[in-house]
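A.B. asks: Build me a structure from this.
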Amino acid sequence: MNDQERPILHRLRAEISERISNLQRLQEDDGSWRLPFETGPMTDAYMIILLTVMEMEDELVVPLVQRLKNRQSISGAWQLHDDDEGHLSSTVEAYTALLLSGYGERSDPMMKRAEAYIVAHGGVEGAHISTKFMLALNGLYPWPAVYPVPLYLIQLPRFSPLSFHRWSSYVRSHFASILILGYHKFSISPSSDMNLFHLFVTDKYEKLRRRHRKKQTPGSEKMGHGHRSYTKAALQKAEQYIIQNIEEDGSQYSYASSTFFMIYALLAAGYKRESPIIQQAVDGLKSFSCLISADEPELHIQNSPSTVWDTALISYVMQEAGADPQDVAVSRAIRYLLPLQLPRGIMPNQRSSYPGGWGFSESNSVNPDVDDTQAVLRALSRLSGQGDGVCRRAWRSGVQYLFHMQNKDGGWAAFEKNSTAAVVRLFRIPNFVDTAADPSCADITGRVMEFLGSHMGLSLSHSRVQDAVSWLLKQQNRDGSWYGRWGVSYIYGTWAAVTGLRAAGIHPDHPAIQKAVNWLWSIRQPDGGWGESCASDVLRRYKPAPYSTVVHTAWALDTLISVYNYPVQEMDDSIKNLIEWGRAGDQRSTYPTGAGLPGHFYIYYHSYPRVWPLLTMSHYVKKYN
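C.D. replies: Next up is the predicted model:
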């Protein structure tokens, strides 16, 4: 077929050129792309609460409050995604932040609607354990008589299956603080008589009411008990772990959520509010703020700025779309990325520490991950192949990191190598099973395989690829899909798996490939695209979104392009939709397609509607020209 027979190719080339130009205009002077990592209200609410209880007057509070007010739904609840009728924990957090800060009164209509929603859906008692933990830190929820995670776990030797160091890095970054706080049953009393008694639906609030009657000094800090000789070493070890993993910007592991808990833990350990380490942590949180461009710009606290991830993806996709590695924007991006590679010995607390990886955020110096590393390596591949010595050395080191991180089962995880799940079965904590261990997952395994095949030419003749293919084929669901851990959810996992298998040399007629293709066609939306609800990862089965999204449609089409030698009419129709929907910039572009914690944490990467459709369009033009 020639261009005259395929007018869609002309349209796609023009669209690709325009999208590249738009990305070039968004690039920062340092070569990075700094696009928002947007989540629900949790981080904004926690920031308001922290600044209020720490009695820090700050100009961030008012715009953060305004964002919370803007995001409340008609039902009175706050949502995590469009087809979410309401999220209890988010609603409790937002309500608490507004009430505690004084920018919301119980008599306000919006607060009354939120109160009615909370009480009707189980009260504060029904909120997620992390929400109740944050409330307890601020004297608004009772600590349990027996804390479910004992402090002594941090003292267990590394060879113990329950060792703290066997937990995933994400859990370690939070639980070092949580262990200290849980042991002390630490809390800061609100500086007012504010309480949440009216949001309880059981008598749990009576324990708090009795404490309030004791008229504890407002703004004071409360300890459950003092140090005991046999716990002093454990407390010191937890504190030491926290201190060792503070980044240059003052944050803990570059996560806002772990930094919030760290600040309270350091207060519990005896640090003063005015101490430099506390002030630097607060400043680190402030540096995570970004402006969300809506009808009116809104301020948002990102949980972890995605600068490295976004810069790697954008520079890679621009090259896939035809930009030369010597292109000014691409070369500037690579100069930005190269110094952020993590050197040997910088991760003393990880069993699987190894040089050569990259992290998610630019402040991240202790926590490399497989997904960011393969993304950066894609961006470096062409330049490293052109004889650039510095780039070539970094590329080789990154590849060795990927090889080192392959698990015994053949797959790859995000942060850890051969992460065990023994600790998961010990504690019945909501979502602990989703975070405590870091096993191989189909999405990251598929993307590493795609990199190894497309950028290194490795196929089934290579033992590492054989092991990965074998593991990945075993993970396919009966309906033909794969589950994706770090995105939403089955469309995402299937895209990563199929494109990885194809790059490894698996034939399009392979039963697993055909089964996946049939599944994708079976879930195509009536509007001519693909869209998946965030609820899929809670249900552990595919659930359609109420409409197609540009990101899901791009993933699905890219999967089909990897399989079909010639496009069928439905593919052409969908790629035309992809162009139109991208230009509209409506809810199809803003629906969250990144995943962090099933049922509680989803991400709208502002880079994704720019990156994945451009990649898909580029692959379409390359293959069907």
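A.B. asks: Pick out the least confidently modelled helix or strand of this protein, by mean pLDDT.
C.D. replies: The helix or strand of the chain with the lowest confidence, counting by mean pLDDT, DSSP states H and E, is strand 221-222 at a mean of 56.
A.B. asks: helix or strand right after that one?
C.D. replies: helix 229-244 (DSSP states H and E).
A.B. asks: pLDDT score assigned to residue 37?
C.D. replies: Per-residue pLDDT puts residue 37 at 98.
A.B. asks: okay, residue 387: pLDDT?
C.D. replies: The model's pLDDT for residue 387 equals 69.
A.B. asks: meant to ask about residue 210
C.D. replies: Confidence for residue 210, expressed as pLDDT, is 70.
A.B. asks: Please confirm that it is located within a strand.
C.D. replies: No. The assignment for residue 210, made by DSSP: H, G, I helix; E, B strand; the rest coil, is helix rather than a strand.
A.B. asks: Against residue 146, how distant is it?
C.D. replies: 19 Å (CB to CB, to the nearest Å). Glycine gets a C-beta too; all of them are placed from N, C-alpha and C.
A.B. asks: Please say which of these two ends up with more neighbours.
C.D. replies: Each of residue 210 and residue 146 has its neighbours counted (other CB atoms under 10 Å); residue 210 has more, 10 against 7.
A.B. asks: mind saving the C-alpha coords of the helix or strand containing residue 66 as CSV?
C.D. replies: Remark: residue 66 resides in helix 61-71, with elements defined by DSSP H and E. The C-alpha trace of helix 61-71 is given here as CSV (Å, rounded to 0.1, in the frame of the first residue of the first chain):
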residue,chain,number,x,y,z
VAL,A,61,-2.3,26.2,52.9
VAL,A,62,-4.9,28.4,51.2
PRO,A,63,-4.4,27.1,47.6
LEU,A,64,-4.3,23.5,48.9
VAL,A,65,-7.6,24.1,50.8
GLN,A,66,-9.1,25.5,47.6
ARG,A,67,-8.1,22.5,45.6
LEU,A,68,-9.8,20.2,48.2
LYS,A,69,-12.9,22.3,48.0
ASN,A,70,-12.9,22.2,44.2
ARG,A,71,-12.6,18.4,44.1
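A.B. asks: helices or strands next to it in the packing?
C.D. replies: Using 3 or more CB pairs under 8 Å, 6 or more residues apart in numbering; DSSP states H and E, the elements in contact with helix 61-71 are helix 42-53, helix 88-101, strand 298-301.
A.B. asks: Quick one: residues contacting residue 544.
C.D. replies: For residue 544, the contact set (CB atoms under 8 Å, 6 or more residues apart in numbering) comprises 523, 525, 531, 532, 533.
A.B. asks: For it, list each beta-bridge partner.
C.D. replies: residue 532 (DSSP bridges).
A.B. asks: wouldn't residue 524 be in contact with residue 568 here?
C.D. replies: No. The pair residue 524 / residue 568 is not scored as a contact, 11.6 Å apart, by CB atoms under 8 Å.
A.B. asks: Between the two, which is the more surrounded one?
C.D. replies: residue 524 (18 against 11).
A.B. asks: Where does the prediction get shaky in the stretch 351-500 of the chain?
C.D. replies: 351-353, 387, 420-426 (pLDDT under 70).
A.B. asks: what are the ranges of the helices in it?
C.D. replies: 370-384, 389-404, 432-435, 442-456, 463-474, 490-503 (DSSP state H, counting those that start in this stretch).
A.B. asks: could the ones you listed be laid out in TSV, adding mean neighbour count?
C.D. replies: Conversion of these to TSV gives the following (neighbours: other CB atoms under 10 Å):
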stretch	mean neighbour count
helix 370-384	24
helix 389-404	18
helix 432-435	18
helix 442-456	24
helix 463-474	18
helix 490-503	28
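A.B. asks: Now distance to residue 605 too, for those helices, in CSV please.
C.D. replies: Formatted as CSV, the helices of the stretch 351-500 of the chain follow (distance: least, CB to CB, whole Å):
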stretch, distance to residue 605
helix 370-384, 12
helix 389-404, 22
helix 432-435, 20
helix 442-456, 14
helix 463-474, 24
helix 490-503, 12
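A.B. asks: From the recorded domain assignment, give the ranges for this protein.
C.D. replies: 40-139+190-219, 306-405, 441-625 (automatic domain parsing).
A.B. asks: export these to a markdown table and tack on distance to residue 177?
C.D. replies: Below are these laid out as a markdown table (distance: least, CB to CB, whole Å):
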| stretch | distance to residue 177 |
| --- | --- |
| domain 40-139+190-219 | 10 |
| domain 306-405 | 15 |
| domain 441-625 | 17 |
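A.B. asks: out of these, which comes closest to residue 162?
C.D. replies: Proximity to residue 162 (CB to CB) singles out domain 306-405 among these, at 14.1 Å.
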